[in-house]
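Engineer: Kindly return the folded structure for what I paste below:
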Amino acid sequence: MTQPQLRPARPDDIAHFYDHESDPEARRRANFPPRDLATFTAHWENKILGNPTVRARAVLVDGELVGNVVAWWQEDRRYVGYWLARECWGRGIGTAALRLFLTEEAVRPLYADTDAGNTASAKLLERCGFRRVSAEGEPNLLLVLEGEGETDPGGGL
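Structural biologist: Residues are numbered from 1 along each chain as shown. Predicted coordinates:
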C-alpha cells in the first residue's frame, strides 16, 4: 500500500469531497443524511475552510484525492472526523491518514463519534488510540483520545 499524504484542504477539493459523501453506501454506514451540492459547498466554504479554528486536510494516495480529515470545536470539545472514498476502505489508508493527522492536531482530549453500526470506523479510531466512552446500545459511539496536548478551547490553530 502506498502511504497516504496530507495537505491543507482547498476550495477546489470540495466537489471531490461531495462525491465521496454522496456514495449511498458511505452515507448508510455513517448514518448521515444526504445534502445537495449547494448546501455541502456552503458548509465547507463557511464552516470548515472559512473557520480559522478548523484544521482540514485532504488525503492523497499516489497524488489522487481520496478523502479528508477535519478537526473542529463543538462547544468546549475538539472533535475529529474523516471521510474516505469507498475504494480506500479496508486498505489501511484511513488509519494511516488519521495517524498522520494526529501528529499535526495537538489538542487532547480529542473526541470522535461514529454511528454504533459502523464497526469499521470504530475499529479505525481504536487502532489510533481512541477509547470508547459512550454506553452500549446508544445510536452513536463517542470515543476519546487522551494524552498530552493543548486543552484551551481557544486553540489558536
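Engineer: Where does pLDDT dip in the protein?
Structural biologist: When residues are selected by pLDDT under 70, those of the chain lie in 1, 135-137, 148-157.
Engineer: need the longest helix for it.
Structural biologist: When the chain is parsed with DSSP state H, its longest helix is helix 93-104.
Engineer: Could you look up the next helix or strand downstream of it?
Structural biologist: Per DSSP states H and E, the first helix or strand lying C-terminal to helix 93-104 is strand 110-115.
Engineer: Could you name the helices and strands sitting against that next one?
Structural biologist: helix 24-30, strand 77-84, helix 119-127, strand 140-145 (3 or more Cβ pairs under 8 Å, 6 or more residues apart in numbering; DSSP states H and E). Where you see a C-beta, it was placed from the backbone N, CA and C, and this is true even at glycine.
Engineer: between the longest strand anywhere in the chain and strand 77-84, how many degrees?
Structural biologist: Using DSSP state E to define each element, the chain has its longest strand at strand 64-74. Angle, strand 64-74 to strand 77-84, by axes from the mean of the first three to the mean of the last three Cα atoms, to 10 degrees: 160 degrees.
Engineer: and strand 64-74, which strands flank it?
Structural biologist: Take DSSP bridges as the rule and strand 64-74 pairs in its sheet with strand 55-61 (antiparallel), strand 77-84 (antiparallel).
Engineer: Determine which stretch of those is the most buried.
Structural biologist: Most buried of the strands paired with strand 64-74 by mean neighbour count (mean count of other Cβ atoms under 10 Å) is strand 55-61; its value is a mean of 21.
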